[in-house]
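Student: When you get a sec, could you give me coordinates for this:
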Amino acid sequence: MVAIPLESDNPNIGYCVYTQEISSEANTDLMTNHSAKISADVLKVCIKLRGAKDFRKTINEVMEDIRILCDARYCYVMLTDFKARSFSLFSESKRADADTRPSSTFFDKDFIDCAELWMESIAGSNCLIIKDEQDMEFVKERNPKWYIRHSSLLQKLRTTSW
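Tutor: Here you go, the predicted model:
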């Protein structure tokens, strides 16, 4: 499982990319509700990963691609171990004008709890893209426990200048 929290320059939009092991049953309603540009960008990233000879180098390039596509200051891949209740930074991309604080300052002991609750939010799918308030309402309906617990964090992320 990989969770990638991203920051947006727009105070009304927050981004989080989440992936996990692919299910044999696809949810076509959720997977086809995106623009052709988003679909093409995702496909380019998938092709880049599939053809990787040096995975670590390629994932760093992909993080840069995702960060640029989302116009975010930061893009991270965090590895999580739910049994050990631990996580580590696997890859990151920071925009040149981003805060120079260490990445570890953005993640605290509640990160594992937040990541565990996402399992309910994606509900058997292999991805969930939140691009606007309507998508956030979808998450609120599907997983009110996560939304209630983390809505103040989302607001903080939207209003903090990093």
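Student: Can you tell me which helix or strand of this structure has the lowest average pLDDT?
Tutor: helix 28-31 (a mean of 51; mean pLDDT, DSSP states H and E).
Student: What lies in contact with whatever helix or strand comes next after that helix?
Tutor: Sequence order places helix 36-50 as the next helix or strand after helix 28-31, per DSSP states H and E. With contacts defined as CB atoms under 8 Å, 6 or more residues apart in numbering, helix 36-50 is touched by 58-59, 61-62, 65-66, 69, 129. To be clear about C-beta, it is placed using only N, CA and C from the backbone, and glycine gets the same treatment.
Student: Write a ChimeraX command that selects only the buried members of these.
Tutor: Buried members of these, defined by 16 or more other CB atoms under 10 Å, are picked up in ChimeraX with:
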select :58,59,61,62,65,66,69
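Student: Where does Asp99 fall, secondary structure wise?
Tutor: Using DSSP H and E, no helix or strand contains Asp99.
Student: What count of nearby residues applies to the residue nearest to Arg95 when sequence neighbours are not counted?
Tutor: Distance criterion CB to CB, 6 or more residues apart in numbering; nearest residue to Arg95, sequence neighbours excluded, is Arg73 at 4.7 Å. For Arg73, the neighbour count with other CB atoms under 10 Å is 19.
Student: Show me what secondary structure element comes after the one helix or strand Arg73 maps to.
Tutor: Using DSSP H and E, the element containing Arg73 is strand 72-81. Counting by DSSP H and E, the next helix or strand C-terminal to strand 72-81 is strand 86-94.
Student: Helix or strand next in line after that following strand, which one?
Tutor: For strand 86-94, the succeeding helix or strand toward the C-terminus, using DSSP H and E, is helix 111-122.
Student: How far off centre is that following helix?
Tutor: The chain centroid and the centroid of helix 111-122 are separated by 11 Å, computed with CA atoms, centre = their mean, to the nearest Å.
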